[in-house]
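Visitor: Got a predicted model here, sequence first, then my questions.
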Amino acid sequence: MKQKVETDPDKIQIGDLKKIYVQVGDRVHIIPIPHSEVCMHMKVAGRLDMMVELVSIRSAQLINPDGTIFSAPIGIGEAGFYCDCKGIYYYGKEC
């Protein structure tokens, strides 16, 4: 199930979001791309125009604005996804 979560980058930042659940295969707009070590190394941290797809329970894929794949998959935590105590994946923060 492909899911696209639309957000307005001028109004919503990741710290403002509540927990949003995702499944493997979902493609979401995480704003901004996290300032994780990997994203900073790839020089995409803080970008507002990229999508992130949860490709497996361990990896996520950054997607360029034109829909092309950016680099190799990265760890879910590096991409801004987390897993709660029930094994459900999400991004954002606790309610």
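Guide: Looks like it came in fine.
Visitor: where do the helices sit along the protein?
Guide: Assigned by DSSP state H, the chain shows helices spanning 37-41, 76-79.
Visitor: what's the most buried one of these?
Guide: Using mean count of other Cβ atoms under 10 Å, the stretch among these with the greatest mean number of neighbours is helix 76-79 (a mean of 20). Glycine gets a C-beta too; all of them are placed from N, C-alpha and C.
Visitor: what's that one packed up against?
Guide: Contacting helix 76-79 under the criterion 3 or more Cβ pairs under 8 Å, 6 or more residues apart in numbering; DSSP states H and E are the following elements: helix 37-41, strand 59-63.
Visitor: In a markdown table: those, plus distance to Ile76.
Guide: Conversion of the helices and strands packed on helix 76-79 to a markdown table gives the following (distance: least, Cβ to Cβ, whole Å):
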| stretch | distance to Ile76 |
| --- | --- |
| helix 37-41 | 11 |
| strand 59-63 | 5 |
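Visitor: Output the helices of the chain as a markdown table; include the columns distance to Thr68 and mean pLDDT.
Guide: Conversion of the helices of the chain to a markdown table gives the following (distance: least, Cβ to Cβ, whole Å; pLDDT from 0 to 100):
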| stretch | distance to Thr68 | mean pLDDT |
| --- | --- | --- |
| helix 37-41 | 17 | 97 |
| helix 76-79 | 17 | 95 |
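Visitor: I'd like to know which of these is closest to Gln23.
Guide: Nearest of the helices of the chain to Gln23, taken as Cβ to Cβ: helix 76-79 at 12.4 Å.
Visitor: follow-up on the earlier one: mind checking which of the helices and strands packed on helix 76-79 is nearest Met50?
Guide: With respect to Met50, and counting by Cβ to Cβ, the nearest of those is strand 59-63 at 5.6 Å.
Visitor: Before I go, just wanted to say thanks for your time.
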